[in-house]
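> this is the structure alone, sequence omitted:
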């Protein structure tokens with residue numbers, strides 16, 4: 001579903017024993033990473049629009065958020081998505097909505113949370129690619145790391161305990177605030193629904209990971 005790789009890792013292969021829930025979680029983390037790293041192209045917008053949730057799935061908060069994104073994707077062109085991404089997350093001089101965890105955790109970019117994050121990434125054997133300018137605390141990178149921890153092949157790293165620790169340490173405290181900031185931006189159209197999906201997914205993940 002995604003070709004996004006902000007850090008050097010082997011794309012998670014499907015585990016023979018992986019259940020459908022973990023596959024869906026990994027796919028959603030990957031999709032969110034792509035949408036938050038760059039504006040979607042026409043093919044991705046079409047893919048999202050064509051995959052609405054139905055039945056009981058559509059009646060959950062996550063399903064409702066997903067279908068909201070499907071509806072928005074169906075009426076958004078790639079050019080419109082690119083303009084919106086530029087307006088919200090790049091801007092002139094500085095972004096109007098920051099996508100970096102350190103900003104929400106400390107009020108500044110590239111602070112102590114990035115150091116702690118790099119320690120965990122080094123433990124996983126992950127390093128930032130040379131052609132990537134964003135620091136590792138970019139939300140897209142964090143979603144991609146979670147995808148790796150859910151669906152990776154190395155059970156010593158890709159396991160529930162690491163998912164719980166990484167989510168709690170690097171995502172849980174600030175992502176809702178970021179989602180609210182993106183959704184409140186007056187120019188947000190498609191990304192209102194990307195933020196809504198991410199917020200709903202993070203709420204589900206917080207409960208699921210805390211229960212284990």
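Perfect, thanks for sending it. The model shown is predicted, which means the values in this text are computed figures rather than measured ones.
> residue ranges of the helices in this protein, please?
According to DSSP state H, the chain carries its helices in the segments 20-37, 42-49, 61-74, 78-85, 101-106, 112-124, 139-151, 160-170, 175-184, 190-211.
> pipe the ones you listed into a markdown table and attach mean pLDDT, mean neighbour count and distance to residue 133 per row.
Bear in mind the C-beta positions are built from the backbone N, C-alpha and C, glycine included. Compiled in a markdown table, those are given as follows (pLDDT from 0 to 100; neighbours: other Cβ atoms under 10 Å; distance: least, Cβ to Cβ, whole Å):
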| stretch | mean pLDDT | mean neighbour count | distance to residue 133 |
| --- | --- | --- | --- |
| helix 20-37 | 94 | 20 | 11 |
| helix 42-49 | 97 | 17 | 22 |
| helix 61-74 | 98 | 18 | 27 |
| helix 78-85 | 98 | 16 | 16 |
| helix 101-106 | 94 | 20 | 15 |
| helix 112-124 | 92 | 15 | 14 |
| helix 139-151 | 95 | 25 | 12 |
| helix 160-170 | 96 | 17 | 20 |
| helix 175-184 | 97 | 18 | 19 |
| helix 190-211 | 95 | 19 | 21 |
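> so which of these is nearest residue 93?
Across those, residue 93 has its closest neighbour in helix 101-106 (15.2 Å, Cβ to Cβ).
> for residue 67, see how far away the residue lying farthest from the centre of the chain is.
Distance from the C-alpha centroid of the chain peaks at residue 55, with 25.2 Å (Cα atoms, centre = their mean). Relative to residue 67, residue 55 is positioned 12 Å away (Cβ to Cβ, to the nearest Å).
> check residue 199 too.
15 Å.
> and if you look at residue 152?
Relative to residue 67, residue 152 is positioned 29 Å away (Cβ to Cβ).
> could you do residue 92 as well?
Taking Cβ to Cβ, one finds residue 92 at 34 Å from residue 67.
> also residue 94?
Distance, residue 94 to residue 67, using Cβ to Cβ: 33 Å.
> ok, now residue 175?
The gap separating residue 175 from residue 67 is 21 Å, by Cβ to Cβ.
> equivalent analysis for residue 102, please.
Computed as Cβ to Cβ, the residue 102 to residue 67 distance reads 33 Å.
> and residue 133, how many neighbours does it have?
6 (other Cβ atoms under 10 Å).
> next, give phi and psi for it.
Dihedral pair for residue 133: phi -90, psi -20, per degrees, to the nearest 10.
> contacts only, for it.
For residue 133, the contact set (Cβ atoms under 8 Å, 6 or more residues apart in numbering) is empty.
> which residues are in contact with the nearest residue to residue 204 once chain neighbours are set aside?
Setting aside the residues directly before and after it, residue 204 is nearest to residue 62 in space (Cβ to Cβ, 6 or more residues apart in numbering), at 5.5 Å. Neighbouring residues of residue 62 by Cβ under 8 Å, 6+ apart: 197, 200, 201, 204.
> all set now, cheers.
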